[in-house]
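>>> sequence and predicted model, in that order:
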Amino acid sequence: MKKAVMYGAGNIGRGFIGKVLSESGYEVCFLDIVPEVIDAFNKNHEYRVHIVSNDGDHYDVVKNVEAVNANTPEAAERIADCDLMATAVGVNVLPYIIDNIAKGIALRMERGGKPLNIILAENQLNADQIMRDYIYEKLNDGQKKWADENLGLVEASIGRMVPPLTPEERAADPLAIAVEPYALLPVDSDAFRGGIPDLVGLVPYSPFGFYIKRKLFIHNMGHAMCAYFAWQKGYEYIWQAVQDPEIRKMAEASMNDTANALHKQYGVPLSEITDHVQDLLTRFENKALKDTVVRVGGDPVRKLRKDDRLVGAALYCLEYGTKPEGIVKGIVAALHFNNPDDKFAVQIQDDLKKNGLDAVIEKYMGIAASSELAKMIKKEYAAGSEK
Ligand SMILES: NC(=O)c1ccc[n+]([C@@H]2O[C@H](COP(=O)([O-])OP(=O)(O)OC[C@H]3O[C@@H](n4cnc5c(N)ncnc54)[C@H](O)[C@@H]3O)[C@@H](O)[C@H]2O)c1
Ligand SMILES: O=P(O)(O)OC[C@@H](O)[C@@H](O)[C@H](O)[C@H](O)CO
């Protein structure tokens, strides 16, 4: 059997990519650090994925799985030996998995191994370049040359939404997972080395910039807007946000603004992109998924970065001639996300109090306080304070 390594056995690793790999004929080795999750994989070598929607639910069984602790030398061995690999650990964790990846590459090269393709299932623009830079810092010149020719770092657009389960659900079954039905996996077809693998639901696409921007600047931006407005109205779930006519209208208008910019840059018919917006809004209504406002809005420090969903989308709209009025409201709502259980939200709230809005804009969004977008944000923020 072909072997795959799935780095990260969380929501996306278990609920999406690991499942795709198994269903595509791979024996899947998950690398993770949570002992009860690792033990559970190695006990039964299979797990169930609950597929939920407003129209009903069913379970799929994912077979031929095992797990290895990522903090042991065995992790690099598995990377050296596999036919395909993917990561879904979270953007902030990526720097911590580089050592194992670099060691795996070194072993693979020594053993005359085949090219290594790594599908990057992370919500990060230019994840391929970021990972190549991290990995190359750990390689010698010979290894870098091998990696130039044999290491495929493959950007992917991870559209499937997978919320966290409750502590009670996790305690009952450490591998429990519930997902929405959507299961397409668009990937950058130009990034593979040595051929594109045959995976269930794979959509190889080039130029991939279109898909990655559509994902981050329409899907994740609209999602984040729903979450931050929902927080202000005291909702717990995303489906509640999107059923609120005021929130839905603002999210939809902003998603359509990005759709316009994408249409202008890539020439994809506008109706095709706005149809996708409507489909997303329907998917956000998935009540059975129980996706939460605190998950989707979590870590506003990352979500407010210049290369992420809100500020990134606003700058993109400005570049293509649209004033991002709605997205700016979303940015301001993110600045009001004062969830005491989210350390990143607390950090922004502290900085706002101590250092003021200009400093927060420059520090977290990476744009000048005198820039056009910053001026729009400040105007909207002040208008909110006057209410
Ligand atoms: N959940 C979603 O709906 C969704 C959808 C699309 C994309 N994403 C993106 O996918 C990525 C993963 O998100 P997720 O929701 O699966 O997160 P998650 O927190 O559920 O999963 C991350 C997994 O990585 C493991 N991990 C953490 N540190 C590790 C380490 N040093 N070594 C090995 N494993 C480690 C964790 O134990 C966990 O199992 C993120 O970049 C996220 O933005 C998530
Ligand atoms: O994972 P994050 O924190 O980058 O973003 C939160 C959600 O928008 C995200 O996980 C989506 O559910 C996912 O990208 C699927 O589309």
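Structure's in. What do you need? Ligands and ions are numbered 1, 2, ... in the order given.

>>> for the rest of this, base every contact and every neighbour count on C-alpha atoms.
OK.

>>> the stretch 151-300 of the chain: strands as residue ranges?
151-155, 178-179, 185-188, 202-205 (DSSP state E, counting those that start in this stretch).

>>> is ligand 1 contacted by the shortest one?
No: applying Cα under 6 Å from any ligand atom, one finds strand 178-179 out of contact with ligand 1, separated by at least 8.3 Å.

>>> pull the residues that contact that strand.
Gly15, Phe16, Val49, His50, Ile51, Val52, Arg160, Met161, Val162, Pro163, Leu165, Leu289 (Cα atoms under 8 Å, 6 or more residues apart in numbering).

>>> near ligand 1, which of those residues show up?
Near ligand 1, by the rule Cα under 6 Å from any ligand atom, you find Arg160, Met161, Val162, Pro163 out of the contacts of strand 178-179.

>>> separation between the first one and Cys226?
Just to be clear, that refers to Arg160. Noted for Arg160: a distance of 17 Å to Cys226, by Cα to Cα, to the nearest Å.

>>> show me what from the stretch 251-387 of the chain comes close to ligand 2.
Residues of the stretch 251-387 of the chain lying near ligand 2 (Cα under 6 Å from any ligand atom): Val296.

>>> so where's the stretch 251-387 of the chain shaky on pLDDT?
Scanning the stretch 251-387 of the chain for pLDDT under 70 picks out 385-387.

>>> could you rerun that using 90?
Residues of the stretch 251-387 of the chain meeting the criterion pLDDT under 90: 384-387.

>>> helices along that one, start to end?
270-284, 293-296, 300-303, 311-319, 325-335, 343-360, 372-386 (DSSP state H, counting those that start in this stretch).

>>> and the pLDDT for Leu165?
pLDDT recorded at Leu165 is 88.

>>> again with Gly159
93.

>>> and it, what is it in contact with?
Tyr182, Ala183, Leu184, Leu185, Lys215, His219.

>>> just give me the closest of these to Val89.
Leu185 (17.1 Å; Cα to Cα).

>>> for Tyr59, which non-adjacent residue is closest in space?
Once flanking residues are discounted, Tyr59 sits nearest to His50: 4.5 Å by Cα to Cα, 6 or more residues apart in numbering.

>>> state the distance from the residue nearest the centre of the chain to ligand 2.
In the chain, the centroid-proximal residue (Cα atoms, centre = their mean) is Asn123; its distance is 2.7 Å. Plainly put, Asn123 is 5 Å away from ligand 2 if you go by Cα to the nearest ligand atom, to the nearest Å.

>>> could you do Lys343 as well?
Applying Cα to the nearest ligand atom to Lys343 and ligand 2 gives a distance of 14 Å.

>>> so what's that residue closest to, chain neighbours aside?
Nearest to Lys343 is Asp299, by Cα to Cα, 6+ apart, at 7.7 Å.

>>> how far is the helix or strand where Ile12 lies from where the chain is centred?
Element membership for Ile12, per DSSP states H and E: helix 11-12. Counting by Cα atoms, centre = their mean, to the nearest Å, helix 11-12 is centred 10 Å from the centre of its parent chain.

>>> do that helix and ligand 2 meet at all?
No: shown here: helix 11-12 not in contact with ligand 2 (Cα under 6 Å from any ligand atom), separated by at least 8.7 Å.

>>> what's that helix in contact with?
Gly18, Ala88, Ala121, Val162, Pro163, Pro164, Ile177.
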